[in-house]
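Asks: below is the sequence, then the predicted model.
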Amino acid sequence: MNWFSTVSVSDGIPSGHERPRMRQMLAAVLAHFDHPAELARGLNIHFDSTIPVAKGLASSTADIAATALATARHLGETLDETTLAALCVSLEPTDSTLFQQLTLFDHQTAATQISYDWQPAVDILLLESPQILNTEDYHRRDRQAELLTSAASLAQAWQLFTQAVDRRDCSLLGQATTLSAQASQRLLVKPDFSALMELVEDLDLYGLNVAHSGSVVGLLLDRQRHDVEQIYWQLQRRNITQNYPNQHLLTMVSGGVR
């Protein structure tokens, strides 16, 4: 979606105004290109971000991926997406938003990378909960049993997704994300999930998706086809805004570091 972290790396004394892992990524990029580690002491990191933190919106992935590319460019080097992904997962579980195309990606090992050549024309009404979640703590949980229970449903979601790509069909995309969101409820409960499912059906939205390691929910829609003001009103009428007091109408965009 069209929220970003912007990072610059320049010569200068580190200011200390950095997000977690940024300095680690800078050091990792220096090591990758065989530059001396001492060089880091003379490099300053500056950042700005519109992405809320600890909500499941991949703010940390945006931070470290942008830092990696900014560092590489400062050094006069280049990083391809595969190398960037490997550097990121070496620090923490990583989101596939670092890829330009929609990509099925192993967020812990980077071993699986299957790209899909489609940029859906989808708007997202992001419902932001005040709840925050420490992603590192969440990923330490043993989720294997719940994931195996949902294996058939997740396989169906992937099948629907591949059909959506083949047909360029946003409705099938919404069905896929909704199935995935239902499976996620076993692992990380989202308040008012049933009410949100009813709203999607009643207003014939494409579907909903959820942060799988966070607290936000996204309603997938087309602002030219769906009545956005009606959606806002229904969220109020059904008291869903009590758990999601902030709503943001955003547009789905291609991923990757600019």
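Replies: Noted; the coordinates are in hand. Since this is a predicted model, take the numbers as computed values, not measurements.
Asks: make it CA atoms for all contacts and neighbour counts henceforth
Replies: Fine.
Asks: what segments of the stretch 51-200 of the chain are strands?
Replies: 102-105, 113-116, 123-128 (DSSP state E, counting those that start in this stretch).
Asks: put together TSV for those, with mean neighbour count, distance to Ala66 and mean pLDDT on each row.
Replies: Formatted as TSV, the strands of the stretch 51-200 of the chain follow (neighbours: other CA atoms under 10 Å; distance: least, CA to CA, whole Å; pLDDT from 0 to 100):
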stretch	mean neighbour count	distance to Ala66	mean pLDDT
strand 102-105	18	18	89
strand 113-116	14	20	90
strand 123-128	21	23	97
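Asks: let's have the ones you listed in CSV, adding distance to Asp34.
Replies: As requested, the strands of the stretch 51-200 of the chain are exported to CSV (distance: least, CA to CA, whole Å):
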stretch, distance to Asp34
strand 102-105, 27
strand 113-116, 26
strand 123-128, 42
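Asks: to His32, which of those lies closest?
Replies: Closest to His32 of these, according to CA to CA: strand 113-116, at 21.0 Å.
Asks: from the contact counts, what lies against the closest one?
Replies: strand 102-105 (3 or more CA pairs under 8 Å, 6 or more residues apart in numbering; DSSP states H and E).
Asks: tell me which helix or strand of this protein sits lowest on mean pLDDT?
Replies: helix 135-140 (a mean of 62; mean pLDDT, DSSP states H and E).
Asks: shouldn't Met252 be in contact with Ala121?
Replies: Yes - using CA atoms under 8 Å, Met252 is in contact with Ala121, at 6.9 Å.
Asks: could you measure Leu235 against Leu219, distance?
Replies: 11 Å (CA to CA, to the nearest Å).
Asks: who has more neighbours out of the two?
Replies: Using other CA atoms under 10 Å, the more surrounded residue of Leu235 and Leu219 is Leu219, with 25 against 20.
Asks: so who does the more buried one touch?
Replies: Residues near Leu219 by CA atoms under 8 Å, 6 or more residues apart in numbering: 124-127, 200, 205-209.
Asks: a strand runs through it, doesn't it?
Replies: Yes - applying DSSP: H, G, I helix; E, B strand; the rest coil, one finds Leu219 inside a strand.
Asks: isn't Val124 up against Val216?
Replies: No, residue 124 isn't Val; it's Ile. No - the criterion here is CA under 8 Å, and Ile124 misses it with Val216 at 11.5 Å.
Asks: the contacts of Leu219: which two are farthest apart?
Replies: Maximum distance among the contacts of Leu219 (CA to CA): 15.5 Å, for Leu127 and Tyr206.
Asks: in the helix or strand containing Ser10, what counts as buried?
Replies: Remark: Ser10 resides in strand 5-11, with elements defined by DSSP states H and E. Buried positions in strand 5-11, judged by neighbour count with 16 or more other CA atoms under 10 Å: 5-10.
Asks: chain center to that strand: distance?
Replies: Taking the mean of its C-alpha atoms, strand 5-11 sits 21 Å from the chain's own mean (CA atoms, centre = their mean, to the nearest Å).
Asks: nearest spatial neighbour of Leu235, skipping sequence neighbours?
Replies: Closest residue to Leu235 apart from its sequence neighbours, by CA to CA, 6 or more residues apart in numbering: Thr241 at 5.8 Å.
Asks: and for Ser150?
Replies: Once flanking residues are discounted, Ser150 sits nearest to Ala183: 5.8 Å by CA to CA, 6+ apart.
Asks: check contacts around Ala181.
Replies: Each residue near Ala181 by CA under 8 Å, 6+ apart is listed here: 208-210, 212.
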